[in-house]
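> return a 3D structure for these sequence lines:
(one chain, ligands or ions: 2)
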Amino acid sequence: MGQSESRAGELPPGQRLQRGWPVTHYGPVPRFKPDRWEFRVFGNTADGDKHCWNHEEFSALPYSIVKADFHCVTKFSMVGMEWGGVSAATVLRLAPPAPGVTHVMVWAEYGFSSNLRIEDFSDDKSIFATHKGGEPLTAEHGFPARLVVPHLYAWKGPKWVRGVEYMTADRRGFWEERGYHNVGSPWSEQRYSYQEEPGDGPEL
Ligand SMILES: Nc1nc2c(c(=O)[nH]1)N[C@H]1C(S)=C(S)[C@@H](COP(=O)(O)O)O[C@H]1N2
Ligand SMILES: [Mo]
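Ligands and ions are numbered 1, 2, ... in the order given. Here you go, the predicted model:
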């Protein structure tokens, strides 16, 4: 599983190309409060401590660029997006997980969450994007930061992200509890939880 499954110039099965960039999410767009915002890494960290960055600190972390396609489970895809921000690899390096960590829960404003296998989260294209095409994200698209995991459906990347929880067992996030596939690979068309095979996720 992973980016290696993607084929250049091809869309995953059942997807069509979208022009423009639609806004897709559940609930209202949160207002960014710079003085109260922090990015937290917690749960099973290697040192047992919680790691926090305020907005100024987070903005000063090493900046990475990732070029990738973007696939929404509602069947539209966009190609050649250029994301800038803090790679998941950087977060994993600065706030490492304990050895037994198998999954992460990525948390966003209003308690939105998405769970990922550690191998998907640590893919070299997974990025906490603060920018798209060199411009800061707009509020609707997740400012100040959103996760992007290009080899999975886009719901796996929370907008308005606030932190990562390291876990030693899997737990379903917001959409994964509401009928969407626990893994969510567009290349295998893992759209809905009824398609899950044994081992894909916790019992429903
Ligand atoms: N916080 C939050 N993030 C979210 C969602 C959501 O409902 N809440 N929806 C996801 C879904 S289903 C998609 S397709 C993408 C859409 O991102 P966009 O609106 O920037 O295109 O955001 C994802 N991130
Ligand atoms: Mo989506």
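> now the residue positioned nearest the centre of the chain: how far from ligand 2?
Centroid-nearest residue in the chain, with Cα atoms, centre = their mean: Gly157, separated by 2.7 Å. Per Cβ to the ion, to the nearest Å, Gly157 is found 9 Å from ligand 2. Using the backbone N, CA and C atoms, a C-beta is placed for each residue, glycine as well.
> and that residue, backbone torsions?
Per-residue torsions, Gly157: phi -110, psi 90 (degrees, to the nearest 10).
> so where's this protein uncertain?
1-8 (pLDDT under 70).
> could you pull out the strands for it?
Counting by DSSP state E, one finds strands in the chain at the ranges 16-17, 38-43, 51-54, 64-71, 76-87, 103-108, 113-117, 127-132, 135-136, 146-148, 161-167.
> against which helices or strands is the longest one packed?
So the one you mean is strand 76-87. strand 16-17, strand 64-71, strand 127-132 (3 or more Cβ pairs under 8 Å, 6 or more residues apart in numbering; DSSP states H and E).
> between the ones you listed, which gets nearest to ligand 2?
Nearest to ligand 2 among the helices and strands packed on strand 76-87 is strand 64-71 (8.5 Å), distances taken as Cβ to the ion.
> I'd like to know which elements that closest one is packed against.
Partner elements for strand 64-71 (3+ Cβ pairs under 8 Å, 6+ apart): strand 76-87, strand 127-132, strand 146-148.
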